[in-house]
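Whatever this is, show me its structure:
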Amino acid sequence: MSSIELRAVEKWFGDVQVIKGVDLAIEEGEFIIFVGPSGCGKSTLLRMIAGLEETSRGQVLIDGRDATAEAPSQRGLTMVFQSYALYPHMSVRENMGFSLKAAGVAKSEIVEKVDRAADVLKLGDYLDRRPKDLSGGQRQRVAIGRSIVRDPTAFLFDEPLSNLDAALRVEMRYEIAKLHRSLQATMIYVTHDQVEAMTLADRIVVLEAGRIAQIGSPRELYERPANLFVAQFIGSPKMNVFPADAASGPGLPQGAAQIGVRPEHITPVDPGAGMMDGVVDVVEYLGADTYLIVDCAGAGHVTVRVEGDTEVKPGATLGLAFAPGKLHAFDAAGHTIRD
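Just a heads-up that it's a prediction; the model follows:
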């Protein structure tokens, strides 16, 4: 296992700065996930840690050692990419052991390490197959196994599940979570999928335009976002945000320019009995839940999460009551106003 620290790291491509002075300390055995919109710099930052991108300024430390100028092969890290990049003419066993063979490791040691990794990843029955005979999830497990056999100091994952369908992504999230518990290894993971981030991470790093917007546990980011960007990025459906003067009633924070409330913290009531009224525009039935998209005039469209068997129909007029203590207040600059 390895601790990793970034000290004021920057990345420039010509005159364009894409990473803007990032400081981050990752403890041994942590599962850290980078999230953010496209172009925020999350994959670039991961590649800087791996040594695949040069660090323009600042330092990358691995176990306290300055690794900024080290080649990727010297850092003791391993990376799993979105593409499986398996050799089609090799068996699963040969794919997993290839890097060890190229490094001159003894055959008996290669067999031992591949068998151990295959046992962890439940690939023992597939070691003699070729990649074309495997499912997408199995191929990704082989790619992960290829990393495990190298005994890295940390694992780096760059959107490893984005090529899989929805069912396989759920399965592989489970497998990666089990792998982290089993290996107790440091893992840094990039994804655009916040469900992956919320379910896998010890801490999430939210990036915005090359800077860290907030770092925290999934619960901290969801319940106490530092600013409007994090509040609306974390959570699905996203937090409702509207001008503070669009609502009325007790419990509204004072001095706020904008108010935020999550869909599950809104209850439909009789018109006039809540903090705002609106007309149901769309009803989205999802089984256990139903989302009501309510047109609330000055507040815009507000999403309300209710029980799946709701009787509410499009065109109905509702009052919307907000759960006490669940409102988020933001100043004119988008910063959270704390109580």
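
Could you point out the longest helix of the protein?
Ranked by residue count under DSSP state H, the longest helix found in the chain is helix 166-183.

element containing the residue most central in space within the chain?
Centrality entry for the chain: nearest residue to the mean C-alpha point is A197, 2.9 Å, by CA atoms, centre = their mean. Element membership for A197, per DSSP states H and E: helix 194-200.

same thing with V22?
Per DSSP H and E: V22 is located in strand 16-26.

Could you report the separation of V120 from I19?
Per CB to CB, to the nearest Å, V120 is found 34 Å from I19. Glycine gets a C-beta too; all of them are placed from N, C-alpha and C.

between those two, which one's more packed in?
Remark: of V120 and I19, I19 carries more neighbours, 26 against 18, as counted by other CB atoms under 10 Å.

residues touching the more buried one, list them.
Residues near I19 by CB atoms under 8 Å, 6 or more residues apart in numbering: V9, E10, K11, G41, T44, L45, M48, S56, G210.

The nearest residue to G255 once chain neighbours are set aside: how many residues sit nearby?
In this structure, G255 finds its nearest non-sequential neighbour in I337, 6.6 Å apart by CB to CB, 6 or more residues apart in numbering. By the criterion of other CB under 10 Å, I337 has 14 neighbours.

I337 is in contact with P253, isn't it?
Yes. I337 is within contact range of P253, at 6.3 Å (criterion: CB atoms under 8 Å).

and for the two, which residues touch both?
Common neighbours of I337 and P253 (CB under 8 Å, 6+ apart) are A329.

buried ones in stretch 186-202?
Across stretch 186-202, burial judged by 16 or more other CB atoms under 10 Å covers 186-194, 196-198, 200-201.

Looking at the longest helix of the chain now, give me its mean pLDDT.
Averaging pLDDT along helix 166-183 gives 87.

Give the pairing partners of the helix or strand that comes right after that helix; include direction for each.
Remark: after helix 166-183, the chain's next helix or strand is strand 186-190, criterion DSSP H and E. Strand pairing for strand 186-190, using DSSP bridges, gives strand 31-35 (parallel), strand 154-158 (parallel).

Out of the ones you listed, flag the one nearest Q258.
For those, proximity to Q258 was assessed by CB to CB; strand 31-35 is nearest, at 22.5 Å.

what's the average pLDDT for that closest one?
97.
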